[in-house]
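Student: Below: sequence and its predicted model.
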Amino acid sequence: MVTAFLKGRVFVGDGRVLDRASVLVDGERVVKVAEGEIKPPRGARRVDLKGRTLLPGFIDCHVHLCMDGQADSTNLARRERLPLMTLEAARSARRTLQAGVTTVRDMGGFEYLDLALREAVRSGLIPGPRILASGRIICMTGGTAWMFGAREADGPDEVRKAVREQIKAGVDVIKLMATGGILTPGVEPGSSQFTEEELRAGVEEARKAGRRTASHAQGTQGVLNALRAGVESIEHGIFLDEEAVALMVRQDAALVPTLSPLYNILEMGVENGVPQFAVDKTVRVKPAHLASLRLAHEAGVKVALGTDAGTPFNYHGRNLREAELLVENGFSPAEALRAGTGLAAAVLGLERDLGAVEEGKLADLVVVEGDPLADVNLLTRAEAIGLVMQGGRVVEGSHRD
Ligand SMILES: [Zn+2]
């Protein structure tokens, strides 16, 4: 089946915009991108791009498909909830895809449900984004996320073993907890958790197996520990300083700032069931978090879009609000769109196939009614997300032409 997207605005993914371009998709790949007219082959499906924008399928670098946006996630990860969690996760995967997010990196699952979802999507059992799965989060005993089925490990040897277990289970990426966090009671976001030595052992094991690492890292010392250990992706990065930012630039490490929880937790608050400790910590860290993002952005750190979807009121399918929040915090719309397409693909190591509307790439594409470069808020309006294509196939439930 050939699809021809005709004469419209194309956001390539690297920040470039073609004002009046046409794109041909044959099978699962983009086979032609041309400025102006293109003569579609006979029998091709035609999609008129007049007044619309064609973008690469979005990539969310930080979600939790095993969490469903419940106000209080502290008591969520219970074995007896697993059947319900599975159904909710399948719904979340579908909503994510229909919103135009065709790839996600899941940053911590429960009982390897994230791996099962990845296979279910791959085999066509359920609709969903392509999933990079991290399996069990690895943290110190009593560390951040311990109550979410994390693998607790202490000392470099045990961290090594924990990483090997995740690789044995088949994960794509390793998540290591370098500091305290917001949603785990009794830990402070600013405090360090794994030592540099422990993190280094984890990174070494991951690299041997060709896996990248991401580190939940909020406090300054923890961020530095993670970077010195060679972690490729800093999640949250609440308390960054000049040294951390310089190191990120030098090592080409990415920042995934996850602004959405910051806003959702404060907007909904204790009155809607968010635990008091989570609200209190969020109130305390918000100014530092936004200042850190500004510092990183100005220094030229690679900032990739990630939502932490699944955390309180942070619903799957609302992922692109993060692009709005990046724009609210100093990014140009083009930068925000790139953070969720070309740059995100590079951060996840998927740039050969994804993140751009380019000849040879997989046809993961989104048609947006209007121009998100002029109004980035369009992306969160369901009616503005037109056809979504994944690997050359139109996603059911996305609008058809
Ligand atoms: Zn997270």
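Tutor: All right, it came through fine.
Student: now the stretch 251-400 of the chain, which segments are flagged as low pLDDT?
Tutor: Within the stretch 251-400 of the chain, the segments meeting pLDDT under 70 span 399-400.
Student: How about residue 318: what's its closest non-neighbour residue?
Tutor: residue 380 (6.4 Å; CB to CB, 6 or more residues apart in numbering). (C-beta placed from N, C-alpha, C; glycine too.)
Student: And the one you found, its phi and psi?
Tutor: Residue 380 adopts backbone torsions of phi -100, psi 0, taken as degrees, to the nearest 10.
Student: Go through the helix or strand hosting residue 291 and flag the buried ones.
Tutor: Using DSSP states H and E, residue 291 maps to helix 276-299. By neighbour count on 16 or more other CB atoms under 10 Å, the buried set for helix 276-299 is 277-279, 281-282, 285-286, 288-290, 292-293, 295-297.
Student: any idea which helix or strand comes after it?
Tutor: strand 302-303.
Student: can you list contacts of that following strand?
Tutor: 248, 252-257, 293, 296-297, 326, 331, 335, 339, 343, 346-347 (CB atoms under 8 Å, 6 or more residues apart in numbering).
Student: let's see 7 Å
Tutor: In this structure, residues lying in contact with strand 302-303 by CB atoms under 7 Å, 6 or more residues apart in numbering are 252, 254, 255, 257, 296, 297, 339, 343, 347.
Student: With stretch 137-146 instead?
Tutor: Against stretch 137-146 from outside (CB under 7 Å, 6+ apart): 108, 148, 150-154, 159, 162-163, 174-177, 180-181, 184, 187, 193-194, 202, 216.
Student: Rounded mean pLDDT for it, please.
Tutor: Summarised as a single mean, pLDDT over stretch 137-146 is 97.
Student: Grab the nearest non-local neighbour of the residue of the stretch 101-250 of the chain found nearest the ion.
Tutor: As assessed by CB to the ion, the ion sits closest to residue 107 within the stretch 101-250 of the chain, at 4.7 Å. Distance criterion CB to CB, 6+ apart; nearest residue to residue 107, sequence neighbours excluded, is residue 62 at 4.8 Å.
Student: Would you map the helices across the chain?
Tutor: With DSSP state H as the criterion, the chain has helices at 82-98, 113-122, 156-169, 196-208, 220-229, 242-251, 260-268, 276-299, 321-328, 333-339, 342-348.
Student: would you turn the ones you listed into a markdown table with distance to the ion?
Tutor: Formatted as a markdown table, the helices of the chain follow (distance: least, CB to the ion, whole Å):
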| stretch | distance to the ion |
| --- | --- |
| helix 82-98 | 14 |
| helix 113-122 | 12 |
| helix 156-169 | 16 |
| helix 196-208 | 17 |
| helix 220-229 | 15 |
| helix 242-251 | 19 |
| helix 260-268 | 8 |
| helix 276-299 | 13 |
| helix 321-328 | 13 |
| helix 333-339 | 17 |
| helix 342-348 | 15 |
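Student: Neighbours of the closest residue to residue 273 other than its chain neighbours, how many?
Tutor: Once flanking residues are discounted, residue 273 sits nearest to residue 71: 3.2 Å by CB to CB, 6+ apart. By other CB atoms under 10 Å, the residues close to residue 71 number 16.
Student: Turn the helices of the chain into TSV, including distance to residue 355.
Tutor: Below are the helices of the chain laid out as TSV (distance: least, CB to CB, whole Å):
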stretch	distance to residue 355
helix 82-98	16
helix 113-122	18
helix 156-169	25
helix 196-208	22
helix 220-229	24
helix 242-251	20
helix 260-268	21
helix 276-299	20
helix 321-328	15
helix 333-339	9
helix 342-348	3
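Student: that older thread, you'd agree the residue nearest to residue 273 is up against residue 275?
Tutor: No - in this structure residue 71 lies outside contact range of residue 275 using CB atoms under 7 Å: 8.1 Å.
Student: can you pull the contacts of whichever residue of the stretch 201-350 of the chain sits closest to the ion?
Tutor: Going by CB to the ion, the ion is nearest to residue 308 of the stretch 201-350 of the chain, at 4.4 Å. With contacts defined as CB under 7 Å, 6+ apart, residue 308 is in contact with 62, 64, 258, 260, 261, 314.
Student: mind redoing it with 6 Å?
Tutor: Contacts here follow CB atoms under 6 Å, 6 or more residues apart in numbering; on that basis residue 308 touches 62, 258, 261, 314.
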